[in-house]
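Asks: generate coordinates for the sequence data below:
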Amino acid sequence: MTTPVGIVGATGAVGQRLVQTLAPHPDFEIAALTASSSSAGQSYREAAKWRIDSPIPDHVAAMTVSETDPAVVPDDVPLLFSSLPSGVGERVEPAFAEAGYLVSSNSSNFRTDPDVPLTIPEINPEHIDLIEVQREERGWDGAIVKNPNCSTITMVPPLAAIEEAVGIDRVDVSTLQAVSGAGYDGVTSMEIIDNAIPHIGGEEEKMETEARKLLGTFDGNSVEWLDATVAASCNRIPTLDGHLENVFVDTRADTTPEAIVEAFEAYPTVDLPSAPEQLIHVFDDPGRPQPRLDRNTEDGMAISVGGVQATAEGVQFNCLAHNTRRGAAGASVLNGELLAREGYL
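Replies: Residues are numbered from 1 along each chain as shown. Have a look, this model is predicted:
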């Protein structure tokens, strides 16, 4: 028996990826789609300027889009996947949680709030129990669960393996981020063709804070963030999908590239329908990973790593993930699967 779910902000770039991911899902069934008032009342086919490289599922295309309002979403839909702009999410998501819905959200608002789970199921599934703290403190029956920023989620699994093996003192990361991370209208062709943009507003701060929360320790009531320094420089480049990152880690204990590769390859996945069979794939070829070649590894849900080398204080490596699959829609769906497994639905 499948669980009915809704997609809030269903017509945008991440909303379309959620449709693509959820339409064939073994445990979830799309039962509600919401968007702005200008799209409400239209069929999804009419409302969504579909830009995914596969057709709109027929049964979804015919569904009517409703306004993003708890009053019009069916009560028998316990789980909502949100891809709202953060300014809208900050206002709307609490209203849904107060109305009793569980919201698995890709939006950036509330990610570092102390009572909001920021979760990657393979990394910190126990943090999901912050829901109980959130409900008690905010007095609502529903809850909000967040997945991290698409650039953060690319580097955190390898960092988790390093932290577990030898500990982390400092992380420096420089990103080469695909244009799809800005949404369809986020970067114009005249800005990005034959160019690179050495700043993405707010992105550095997200990476520097979210990584420490994700790698922190949950004691049942709060998360003690990882005691390490994270410094990020974020750049937009003219690739369509796939964020590539150059990461330098000062480790607490001495290590070798061989030991770090072993830690990467041994790091476990999780038994959820959307999870990759192997979370971290390591390349021997120093020219890999590359966005065009490696972003779709394991349906875009794995993290690819290469170029592991020793530094004076630890190691450096390159990592890559598909930013709208693993970094956005797929991450939200994985959190929804975790909610179901842990009995929150």
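
Asks: CA atoms of the helix or strand harbouring residue 155 as PDB?
Replies: Under DSSP states H and E, the secondary-structure element containing residue 155 is helix 150-165. Taking Å, rounded to 0.1, in the frame of the first residue of the first chain, the C-alpha atoms of helix 150-165 are listed here in PDB:
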ATOM      1  CA  CYS A 150      23.200  21.000  -3.000                       C
ATOM      2  CA  SER A 151      26.800  22.100  -2.600                       C
ATOM      3  CA  THR A 152      26.900  21.000   1.000                       C
ATOM      4  CA  ILE A 153      25.500  17.600   0.300                       C
ATOM      5  CA  THR A 154      28.300  17.000  -2.300                       C
ATOM      6  CA  MET A 155      31.100  17.200   0.200                       C
ATOM      7  CA  VAL A 156      29.600  16.100   3.500                       C
ATOM      8  CA  PRO A 157      29.500  12.300   2.800                       C
ATOM      9  CA  PRO A 158      33.300  12.200   2.200                       C
ATOM     10  CA  LEU A 159      33.900  14.500   5.200                       C
ATOM     11  CA  ALA A 160      31.800  12.100   7.300                       C
ATOM     12  CA  ALA A 161      34.100   9.300   6.300                       C
ATOM     13  CA  ILE A 162      37.200  11.300   7.200                       C
ATOM     14  CA  GLU A 163      35.700  12.500  10.500                       C
ATOM     15  CA  GLU A 164      34.900   8.900  11.500                       C
ATOM     16  CA  ALA A 165      38.400   7.700  10.500                       C
END
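
Asks: relative to helix 150-165, how tilted is the helix or strand following that helix?
Replies: Under the assignment DSSP H and E, the closest C-terminal helix or strand after helix 150-165 is strand 168-177. Calculated by axes from the mean of the first three to the mean of the last three CA atoms, to 10 degrees, strand 168-177 forms an angle of 150 degrees with helix 150-165.

Asks: give the buried residues for strand 168-177.
Replies: Within strand 168-177, the residues that qualify as buried are 168, 171, 173, 175-177, counting by 16 or more other CB atoms under 10 Å. All C-beta spots, glycine's among them, are computed from the backbone N, C-alpha and C.

Asks: pipe those into TSV and attach distance to residue 151 and pLDDT per row.
Replies: TSV is the format used below for the buried residues of strand 168-177 (distance: CB to CB, whole Å; pLDDT from 0 to 100):
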residue	distance to residue 151	pLDDT
168	18	98
171	13	98
173	8	98
175	5	98
176	10	98
177	6	98
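
Asks: sweet, I'm off.
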